[in-house]
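[1] pasting the structure only:
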DNA sequence: TATTTTTGTTCAAACGTTGAAACAAATATA
DNA sequence: TATATTTGTTTCAACGTTTGAACAAAAATA
C-alpha cells in the first residue's frame, strides 16, 4: 500500500558499491564491463525489481522507441490485421506502437499527427483519411525529419515511401474475370476519385473495358464513400436504369454488401441476374450468402513491408536511400457472387 | 534538408535575454510572470517554431500524459467505438492514448502490459482477453500504483474500478422478450463461463427461464468462443436434436450470424420456425436479412465513463475513493429475427 | 625492468524541463 | 518615512539515464 519509490540505477549502484554509470553500462552490456559485475548488477536489478526509466533514457538518447500508426478506422479486418503485423515486427526490435484513428476526418488526422509529434515518436506509418486533400500536416512530419511511411491510401506528391497494391492492375483482373463469366455491362461503384487508389481502380476499370471493346457508360460509374448505405443507394439507383447492368464491381466490400442486400430484397439473383465483386476481402465476404468475390490486398504483407521499411529509415535517417514505392500484387478471391458459369 | 537542431526553451531565453526558467513559467502560464513577458515568449516560440520536449517534462514531472488501452481485438464496432470515445475524453484533458491489442491471447496481453509499463503510462484501461484466467500481470499494474480501469471483460477478484453492463439483467430482458413472442424452448449459445460476463448471462438465462417456469435443458446451453464458426457448429448440433429449440439466444452477434446462416441453408425460417437474438448490437445485425435482434451495450457510454473514471483516479491517486463498479443498463434492440407476433 | 596496451571503473556533463527558494524592485500599508 | 507585501525574475538543483574522457590497475610487450 505504501507508495514505494521506484528503484533506479542509483539504488543498484549503492547496493554494489559501484557507480550508477557502471550499472548503466552493465545493463547495456557494455564491452568494457566485467562479466562478474554484469552478473551482479543483473541479479540486484532483479532483486530490487528494477524497471528502467524509459523517459530518462529516451531524453538522454534523443530517441523514444515509439512509433505512431495512423489509420482511418480500426474496425475493419484490413486495418486491424495490418496493425497486428506492424506491432509484431516493431515490438521485436524494441519499439512500441501508438495507434491513432482519424475516423476518416481530416481534422482528427491533424490532431493525431500533432499528438504523435508531441509524444516524440521516432517514426510514423500512416494511411490517409478519405477526406484528406491538404498535405500540410504530412509535410510537417517530413520537415521535422521524422521517417514517414504511407500505405494503402497514399499520395505521390508527398515523396515518401509507400506500400500498397496495384489498384490499376487489380481492376483489370476483376474485369477479366467478369468478362470471362459473360458479363457485358459492368457497373462500377467507385471510391472518390480524389483519392489515388480509387482513381487508379477507376482508370483500370475503364482501360480494361476498352481492352475488351466494351462501351464505357458514365451512368454506370458512381463515386461514393463505399459504406453500406452508399452501396444500397447506388444499387437502387442502378436498378432504376432501363438498361440494367449485368455485373457490379464495387471498390469496397461494404458497398458490395449494401448492393447485395438491395438485390436480394428485389429478388434479383446473384450472380445469375447480376454478378458482384467487392474489394479488400473482408472476412464477412466469405460468410454472407451468396459469398462475395473480392480482391485480397494481402494485409499482413503490407504491414510487414511497411514496418520493415520504417525500421530501415529509422536506422539510417540521413541516408539518401532511393524512395520505395512498393506495389504488392493483389489477388482475386473468386466466390459464389460472380460464378455465373457454374450455375 | 540540413537537420536543424530543435529549438528549446533555452533558445527562446537567449533571444529575449531572460532565463530558461522564466520561459518555462511563461509557457505554463505561471501567475507570477508578467503578461508582457508571456506575450514575448509566445511570440518568439512561434517564430522559432518551438515544440516542447515532452520527454523532458515528463521525466521532470514524473508524469507521461500517456494512457494505455488494452483491448482483445479492434476490429469490432463495439471496441473501436469505445476507443474512439476514450480518446476523445482523454485528449481533451491533454492525454494521449496508446492502444494495444491482445488478440484474445494471454501472452500477447502480458507483453502489451509490459510495453505499456515500460512506456510509463499514467493509467491503463483494459478489457481482458478471453483466454486470461491468471491475473498476475494485472496485479503487477496495481502493485506499481498505476490506476487501472476494467471494462466489459472484467474480474471481481482484482478489486479495481469496472465499467460494464448488467449482463444478468440483459439475459432477463432477452428471455422476457422471447417468451412474449411465444417461445418455449430457448437455447443459449453461451460464452465461456470462466469469463464473468458470460457466466452472468448464463445465470440470467437460467433464472429467467425458471421465472417463467420453463424447463432448463442442459443440452440447450452450449459454451463457445462466440465466433461465426462456433455459431455454425453449435447451430448444426442443435438442429440435430429430436426436439428442436424454437429460439436461439446467442451471447454474441457473430455466433448469432453463424447460426442464422446455418438455418437459412437448411431453409428454416427465422423467426417463424426459430427466433434469434444476439448480443452487442454490431452494425451488421441491422444489415443482414432478416435483421438480428440484439442487445446494445451503449459502447460510447462505456468508453466515456471508463475514461472519466480513470481521469479521477489519476488526479487523486492516493485518495481512497470507494471502488466503482459501474453497471450501465443495456438495451434490447428488437429486429425481424425475433418478431414472431408480427408475422 | 620499463613501457605500452588492455581492462574495468569512475567522473562529470549532458538531455530539456520544472519548481522551490532566493532575491531585488516596485507597490502598498502603517 | 519606515516597514510589509506583492510582483517579476533568477538561481540552482533535480528527474534517471547515458556517454566520452579520464584514470588506475592489471596484463602484455619490449
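    Nice, thanks for sending it over. Source: prediction; values computed, not measured.

[2] Distance of the residue in the stretch 51-200 of chain A positioned nearest to DNA strand C relative to residue A:241?
    Residue of the stretch 51-200 of chain A nearest DNA strand C, by Cβ to the nearest atom of the strand: residue A:60 (3.3 Å). Placement of C-beta: from N, CA and C, glycine included. To residue A:241, residue A:60 is 67 Å away according to Cβ to Cβ, to the nearest Å.

[3] Let me know the helix or strand that residue A:249 is in.
    strand A:247-250 (DSSP states H and E).

[4] how distant is stretch A:149-165 from the center of its chain?
    11 Å (Cα atoms, centre = their mean, to the nearest Å).

[5] Span of that stretch from start to end?
    End-to-end distance of stretch A:149-165 (Cα to Cα, to the nearest Å): 15 Å.

[6] For the stretch 151-300 of chain A, which segments count as helices?
    Per DSSP state H, counting those that start in this stretch, the stretch 151-300 of chain A carries helices over the ranges A:167-180, A:196-211, A:228-239, A:253-265, A:299-315.

[7] Check whether the third one comes near chain B.
    Yes - counting by Cβ under 8 Å from any Cβ of the partner chain, chain B has neighbours in helix A:228-239: residue A:228.

[8] Output the contacting helices and strands for that helix.
    Counting contacts by 3 or more Cβ pairs under 8 Å, 6 or more residues apart in numbering or on different chains; DSSP states H and E, helix A:228-239 is packed against strand A:186-191, strand A:221-224, strand A:247-250, helix A:253-265.

[9] who wins for proximity to residue B:154 among these?
    Closest to residue B:154 of the helices and strands packed on helix A:228-239 is helix A:253-265 (Cβ to Cβ; 31.9 Å).

[10] how near is residue A:310 to residue A:299?
    16 Å.

[11] between those two, which one's more packed in?
    residue A:310 (26 against 23; other Cβ atoms under 10 Å in any protein chain shown).

[12] Quick one: residues contacting the more buried one.
    Listed by Cβ atoms under 8 Å, 6 or more residues apart in numbering or on different chains, the contact partners of residue A:310 are A:67, A:90, A:123, A:125, A:147, A:149, A:161.

[13] Phi and psi next, for residue A:100.
    The phi and psi values for residue A:100, taken as degrees, to the nearest 10, are phi -130, psi 130.

[14] wouldn't it be in contact with residue A:114 here?
    No - taking Cβ atoms under 8 Å as the definition, residue A:100 is not a contact partner of residue A:114, at 10.2 Å.

[15] Tell me which of those two has more neighbours.
    Shown here are residue A:100 and residue A:114; by other Cβ under 10 Å, residue A:100 has more neighbours (26 against 14).

[16] Could you look up the SS state of the residue in the stretch 101-250 of chain A that chain B sits nearest to?
    The stretch 101-250 of chain A approaches chain B most closely through residue A:115 (5.0 Å), counting by Cβ to the nearest Cβ. Under DSSP: H, G, I helix; E, B strand; the rest coil, the three-state class of residue A:115 is helix.

[17] Contact partners for the residue lying closest to it once chain neighbours are set aside?
    Of all residues not flanking residue A:115 in the chain, residue B:96 sits nearest, at 5.0 Å (Cβ to Cβ, 6 or more residues apart in numbering or on different chains). Residue B:96 makes contact with A:98, A:115, A:118-119, B:65-67, B:90, according to Cβ under 8 Å, 6+ apart.

[18] now residue A:238
    A:187, A:220, A:222, A:244-245, A:248.

[19] And residue A:288, its phi and psi?
    Torsion angles, degrees, to the nearest 10, at residue A:288: phi -80, psi 160.

[20] And for it, the neighbour number?
    Neighbours of residue A:288 (other Cβ under 10 Å): 24.

[21] That one contacts residue A:260, doesn't it?
    Yes - Residue A:288 is within contact range of residue A:260, at 6.8 Å (criterion: Cβ under 8 Å).

[22] helices or strands up against the helix or strand encompassing residue A:142?
    Residue A:142 is part of helix A:136-143, with elements assigned from DSSP H and E. Helices and strands touching helix A:136-143, by 3+ Cβ pairs under 8 Å, 6+ apart, are helix A:106-118, strand A:148-151.

[23] and that helix, average pLDDT?
    Mean pLDDT, computed over helix A:136-143, is 93.

[24] So for it, what gets flagged as buried?
    A:137-138, A:141 (16 or more other Cβ atoms under 10 Å in any protein chain shown).

[25] And stretch A:35-45, by the same measure?
    A:37-38, A:40-41, A:44-45.

[26] picking up where we left off before, show me the one of the helices of the stretch 151-300 of chain A that comes nearest residue B:337.
    helix A:253-265 (15.0 Å).
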